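S.K.: Pasted the sequence and its predicted model underneath.
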Amino acid sequence: MLSIIPLSLAALVLVAYFGGKNRAVAVVAGRRSTLHSRPLYHGTYVAVWVGIPALLLSLVWLFLQGPVIDILLVRSLPSDLRDGLDGSQLQLLLSEIRSLAKGSVFGNPTAEVIAAAERYKAWQVLAGWALVVSSLAISIAALVITRNHIAKRFYARHRVEQVLDWLMIACSTLAILTTLGIVVSLSIESLRFFDLVSPGEFLFGLNWEPQIPIRKGQVTAGGAFGAIPVYLGTLLIALIAMLVAIPVGLLSAIYLAEYSSKRARAILKPLLEILAGIPTVVYGFFAVLVVAPALRNFGQIVGMDIAPNSALAAGGVMGIMLIPFISSFSDDAISAVPRSLREGAYGLGATKGETIVDILLPAALPGIMGGVLLAVSRAIGETMIVVMAAGIIASLTLNPLEPVTTVTVQIVTLLIGDSEFDNPKTLAAFALGLVLFLATLALNVLALRFTRKYREQYD
Amino acid sequence: MTGDNIEPIDEIQTDGFAFPAELPIKIKSRNVDVSYGDKQALFGVDLDIPANHVVALIGPSGCGKSTYLRCLNRMNDVIDIARVSGNIELDGVNIYDDTIDVVELRARIGMVFQKPNPFPKSIFDNVAYGPRIHGIANDKAELEEIVVTSLQKAGLFDEVKDRLGDSGISLSGGQQQRLCIARAIATRPEVILMDEPASALDPIATAVIEELIDELRQNFTIVIVTHSMQQAARVSQYTAFFHLGYLVEFGDTEAIFTNPTDKRTQDYITGRFG
Amino acid sequence: MTDISSEISHNWASSNARSRISRRYRRDRWLRNTGVGAIVVAMGLLGILLTSLAFTGYVAFTTTKVKLEVFLDPAKVDRNEPGKASYRNLVREAFLANFPELKKRKNKREAIKILSSGAQYILRDKVMDEPELVGQTISVLLPLSDPFDQLYKGVVPRRINALARNRIASFESLKQRGLISVENGSSYLSLAIVVGPAILKNPKRGPLKKIMRRAFAELFSGETGRVNYKILSRDAVKILQARIRKDVNFAGDKLQVKLPISPIYDALNRTGKAEKLNPRFKSEKVLDLFDALVTRGMIASPFSWELFVNSDSRFPELAGLAGAFSGSLLALLVCFLISFPVGISAAVYLEEFAPKNKFSDFIEVNINNLAAVPSVVFGLLGLAVFIGFLGMPRSVPLVGGLVLALMTLPTIIVSTRAALKSVPPSIREAALGVGASKHEVVLHHVLPLAMPGILTGTIIGLAQALGETAPLLLIGMNAFIPSIENVGLLDPATALPTQIFTWGDSPERGFVSRTSAAILVLIGFLVTMNLLAIYLRQKFETKW
């Protein structure tokens, strides 16, 4: 039924376009050159007004229809059925009604539920038809009104361009909306989480055991939300990653920027960038398949006990992923140091190495720092490698041979499976997400400031 | 400036010029060719630089004067595609010989660049950098002495003596250039190459630098590239005129400016091209 | 201004100066060499990554199959209703017909495990496609179960080492001390035992065991962790008991007894190898049956179309990527349909029309920041807004595509702006000069000229989106999709990277190579997309 809308809208838009075009030609009796705007713009003008408002209405309607019907449905339920139910039980009831309305029956629904399902079905059909009728009505009204605008001196092109401007502005604001969406949704869920768990415990507590009972009678640990071990694990893995990525990346960049021949650079640089294009899930599997067992075997040989999901394996592989990141930022920063400084050093009789270490690296430091900070931000936010290769249990340790867990691992493990947003377990994921977002945001802003400062220095 | 109607020169004008017999020659160059990739930039340049004098290299832009200058301390080695052939001798030793160490050579032949290029370090560290890497000073006191005397010789010491720890970049353009001169002096070079050292400066700063060059002549041999003929006339004793990669004419500065032998030199000096 | 000390030029010829210069050059070379080293390390890691995936993954591109003659008995298979027959029994009988010697039910049950549990469905599908086959004896290729598939490909061994390295080491130390001897083809350990009189009278097994343990601990004094009583055979206690009963005269003395050692250590002692049957296989007998099939030429390992046309399965030998392909394709389609027009519009506005004010600055800051927001946060956004707030269903490609679109947007905007910037102003001025409106200039001239650059950026953005895993995981796009009958924007789906994640987490050995193979396929797609982008850039790039 709802597929009527796009089809009929498309048809109406076509009618509007050609109708507008023809009418514009007819208005001036075929002497097109006397029109202010070309017929094409008149047609587009009508078509735009026929299509866009109806489309917007449909989208808003479809988004609101579900929640509105749900509210009505809850109101219509007999009071003995809905009294004393908390949020999740109500949701359960609603989903039972919905699935019943779809035709799948589980168990023996009560008469009230069956009746509610019937109501639900009827309302949905009603809402659908109402939408069809109202959107088509808007379109046709727009068609009639805008068609009458067409005249010899009607500035159709200006109107169309205005609409285009607004469309483009709307598209640009999507970036703001996305940021806003992230901030608002994370904040709301986090606030709900902080109703259940005190922010003090979350930020400074030393015990993280989020597996609380979800259903009655489920046996789990008590549930504790002190996230310090999680932060510590995140930082430990990020640190290991940076210990791998910074030396290898920076030294590669030094070689590529200053020592290598043009030909070697043309081959090596893209090869290095392949590392950046490999999806992180591949790195995660690589950590599990190759790196962790290799470390374990190595540990056995030297008599150390290395856990299969040690921080070392996850952090090391993350470091490999970040090598091209660091190297391309450093390469850019070193290459951007003005020639004159290089020549100044050579002119004094400095060797290439001295020029690099004494002059180029200090001069490029802000740029390199910007890259390093972005890499740290990546390391903290990286998910798949740690989900596959790091631990789930939060332990308060700085030993790289032990398993630790990270913020992102917790977000994923807390949210996979259950997604009803009413228990501290799932809400904790959003609180962690908020912390993660804020931390990476701060790092990004800082990194941006470094790179901007660097650019200004040599402009 | 079109070079189509100018024939290549076989005869080098320096042949017609002889230095006074007692004048020691610091740098001798013979038949120097330079090419960047496929493009030849310098053709068979023969030129002698007398010790403790200022030699100016003049000519329209792109004439090869900077290229020649950069041959003297092998700065062209830095550019991958540059190829230099011919013979350049410093005190009778070929500087392109395999046994010559480029690092030592560049310490002995200092260079000052067109744009002031102080390192992003303190004023002190800028001057001390050369002595440090070359191990010229034996101890800290000696290093400080070198820095102070270099700054004094560059005429900058009085202006910066209270803020030697400030960044070299914080100085004004003219001061920066004198800092670069001090930096070059600090390695105790025998020759100083200057590539349009005043072109980025205002007239007052330029005057200061020019005065400085005249003083430095007592201790150093100076080769200066300049596009300003007045500057060449003011600071140099000898002048070489380059055109399209050839050394066209060489002689006493006064003679070049008052009575050039070559038509092209004449045209350039009288401002018909350039 | 003349200072004597600075007049003296540096003595470059002094040995001090010479050694200093060579030291400086050494340092220069050292820096260069560590740079080379870093490149070698990075390239080596890339090489290890790719070769390890290729080595584990290539085997999954074939499936080991057995060729069976199946008689489609019309009594068992109804031609009109072929779906109802018991194909399990048909396959079972056809397979066991090769081994008439098997009589016991237990042996038969073990033997049938050679075949994949999904074999019956393959036969069923074949018969349902061609019901006219009923009544004939057809020859079908049916896949083997995972352990035998892996065995045939040489991925898993028949036998594995029974002893860990440190166990072998402690046994070797016993051997070096001369405590191990061989008599009558079996190995003995001689153990010094002190037996008290009380026990001598009544040598019960419990106290004897304790005594043996103590003696053992003495052998490895100071290395308690490595003590391993399992070196002794199980009936060592019995033998000790018998020995004491036989001879009751060494009360309080050290009794030097030779006790038999366990079969595994015995084998280690005599052959130098201690192996046991790979626990993946039930018994040696099944392996013999499998070998018989191989020698009869009934086993082959053809190219595995299943990897591409099958959907997910719990049995690795049957699992394929079709479901992941369709999910990724749909999600990418949604992602493209949203991010491409929206990204271009936003970029055109910011580059060509936006006034330089706080608002456009703010938009720009937002875009830059979004590019660096962790992908998992986008997953949270999708979960909270699209699923939680707007009530869209979980696990569906529509939501996945929306989230990916939001993530791809910054990439497309940035590359579009770069492409627009590279169109020289002269083109704009020329078009404005003939009276085109600013919008017409952009639509008719600038955008078409910038299109190759925009497409390049879009393809690279889509390639990134194709590899994105975490946000899809959060919105549940890792559903188990055993068939591709229900494929749609609003049907639960999985995607290529989430399939890799799911398989990578599965315990079966077969999924390891399946995962690697899936990764190779994914990387293949990414390489193709990037090559396409490079091709587009080179083919249509205009140098202004």
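M.R.: Here it is on my side, so go on.
S.K.: Tell me how far residue C:386 lies from residue C:408.
M.R.: 16 Å (C-beta to C-beta, to the nearest Å). C-beta coordinates here come from the backbone N, C-alpha and C atoms, glycine included.
S.K.: neighbour count winner among those two?
M.R.: Set side by side, residue C:386 and residue C:408 show more neighbours around residue C:408, with 28 against 24, by other C-beta atoms under 10 Å in any protein chain shown.
S.K.: Just to check, residue B:71 is in contact with residue B:32?
M.R.: Yes - with contacts counted by C-beta atoms under 8 Å, residue B:71 reaches residue B:32, the gap being 5.9 Å.
S.K.: Find residues that contact each of these two.
M.R.: Both residue B:71 and residue B:32 are contacted by B:42, B:84, B:88, under the criterion C-beta atoms under 8 Å, 6 or more residues apart in numbering or on different chains.
S.K.: possible to save those as CSV with distance to residue C:50 and neighbour count?
M.R.: Putting these into CSV (distance: C-beta to C-beta, whole Å; neighbours: other C-beta atoms under 10 Å in any protein chain shown) gives the following:
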residue, distance to residue C:50, neighbour count
B:42, 49, 25
B:84, 44, 18
B:88, 51, 24
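S.K.: Tell me which of these fall in helices.
M.R.: Nothing among those maps onto helices, per DSSP state H.
S.K.: Filter those down to the ones in strands?
M.R.: In strands, defined here by DSSP state E, the members of these are B:42, B:84, B:88.
S.K.: What is the nearest of those to chain A?
M.R.: residue B:84 (15.3 Å; C-beta to the nearest C-beta).
S.K.: burial of the closest residue to chain B within the stretch 101-250 of chain A, as a residue count?
M.R.: Nearest residue of the stretch 101-250 of chain A to chain B: residue A:250, at 18.6 Å (C-beta to the nearest C-beta). As a burial measure, residue A:250 scores 23 neighbours (other C-beta under 10 Å).
S.K.: Test my guess that it contacts residue A:326.
M.R.: Yes - between residue A:250 and residue A:326 there is a contact at 6.2 Å, judged by C-beta under 8 Å.
S.K.: Look up how far chain A lies from the nearest residue to residue C:96 once chain neighbours are set aside.
M.R.: The spatially closest residue to residue C:96, leaving aside those adjacent along the chain, is residue C:108, at 5.9 Å (C-beta to C-beta, 6 or more residues apart in numbering or on different chains). Distance of residue C:108 to chain A, computed by C-beta to the nearest C-beta, to the nearest Å: 37 Å.
S.K.: Secondary structure class of residue C:108, three-state.
M.R.: helix (DSSP: H, G, I helix; E, B strand; the rest coil).
S.K.: what's around it, how many residues?
M.R.: Using other C-beta under 10 Å, residue C:108 is surrounded by 14 other residues.
S.K.: I figured it hits residue C:100, correct?
M.R.: No - Residue C:108 is beyond contact range of residue C:100, at 11.1 Å (criterion: C-beta under 8 Å).
S.K.: Show me whatever sits in contact with both of these two.
M.R.: With C-beta under 8 Å, 6+ apart, residue C:108 and residue C:100 have no common neighbours.
S.K.: And for stretch A:283-302, what's in contact with it?
M.R.: With C-beta under 8 Å, 6+ apart as the criterion, stretch A:283-302 contacts A:305-306, A:308-310, A:312-314, A:316-318, A:320-321, A:384-389, A:401, C:48-49, C:52-53, C:56, C:165, C:500-501, C:504, C:512, C:515-516, C:519.
S.K.: which of those residues are buried?
M.R.: A:306, A:309-310, A:312-314, A:316-318, A:320-321, A:384-389, A:401, C:49, C:52-53, C:56, C:500-501, C:504, C:512, C:515-516, C:519 (16 or more other C-beta atoms under 10 Å in any protein chain shown).
S.K.: one step back: from the ones in strands among the shared contacts of residue B:71 and residue B:32, which single one is nearest chain C?
M.R.: Closest approach between those and chain C, by C-beta to the nearest C-beta: residue B:88, at 17.9 Å.
S.K.: Which parts of the stretch 101-250 of chain A are strands?
M.R.: A:208-209, A:224-225 (DSSP state E, counting those that start in this stretch).
S.K.: Quick check: which of those strands is buried the most?
M.R.: strand A:224-225 (a mean of 20; mean count of other C-beta atoms under 10 Å in any protein chain shown).
S.K.: what's in contact with it?
M.R.: A:197, A:201-202, A:205, A:207-210, A:424, A:428.
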